[in-house]
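**Q** What follows is a predicted structure for the sequence shown.
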Amino acid sequence: LVSKVTIEIQNHWGIEDKTLAEFVIDLGESSSSVDDFEAKLQENGAAASGPFCQRLLELIQKLGGPQKPGQADAKGGPNAKASNEALALATKEIAKDRKVERRERSRSRQK
């Protein structure tokens, strides 16, 4: 599951980080719906669209097993803060890259 979520995150956000994938899986496992999952991602600094959230949540629900007793809460695990920061940083970098790409496309059209 972690490797599949890592691949999805890499394809969408351009980041290959298993710790981030584990954090996203924890958020998905504690979500009651796609909207809830999307809101939790956004609360943690991720710019995620509905279809991407739906695909991730379906993957997590399909391949994830039942939550183990005593498993750390998504926000309380030892890597939660690092994952939050990585997710927020990745989202900012992607937004910056997209802004640069749009600016370059606009300039090339003007020529």
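**A** Everything's here; your move.
**Q** So which bits of stretch 34-48 are buried?
**A** Neighbour-count burial for stretch 34-48 flags Val34, Phe37, Glu38, Lys40, Leu41, Asn44, Ala46, Ala47, Ala48 (criterion: 16 or more other Cβ atoms under 10 Å). (Glycine included, C-beta is placed from N, CA and C.)
**Q** Show only the entries of those found in helices.
**A** Among these, the members falling in helices (DSSP state H) are Val34, Phe37, Glu38, Lys40, Leu41.
**Q** from what I can see the fourth one touches Ser33, true?
**A** No. Under the criterion of Cβ atoms under 8 Å, Lys40 lies out of contact with Ser33, with a separation of 10.6 Å.
**Q** now, which of the ones in helices among the buried residues of stretch 34-48 sits nearest Gln54?
**A** Relative to Gln54, the closest of those is Val34; by Cβ to Cβ it sits at 4.9 Å.
**Q** For the closest one, list the residues it contacts.
**A** Residues in contact with Val34 (Cβ atoms under 8 Å, 6 or more residues apart in numbering) are Gly50, Cys53, Gln54, Leu57.
**Q** what are the phi and psi values for the first one?
**A** This points to Gly50. The phi/psi pair for Gly50 (degrees, to the nearest 10) reads phi -50, psi -50.
**Q** Verify the stated contact: it with Glu38.
**A** Yes. If you go by Cβ under 8 Å, Gly50 and Glu38 touch, sitting 6.3 Å apart.
**Q** Now do the contacts for the closest residue to Phe37 other than its chain neighbours.
**A** The shortest distance from Phe37 to any non-neighbouring residue, by Cβ to Cβ, 6 or more residues apart in numbering, is to Ser31 (3.8 Å). By Cβ under 8 Å, 6+ apart, the contact set of Ser31 is Phe37, Lys40, Leu57.
**Q** and the last one, how many neighbours does it have?
**A** Taking other Cβ atoms under 10 Å as the criterion, the count of residues near Leu57 is 22.
**Q** Could you report the pLDDT at it?
**A** Turning to Leu57, the model gives it a pLDDT of 91.
**Q** name the element it belongs to?
**A** Secondary structure from DSSP states H and E places Leu57 in helix 50-63.
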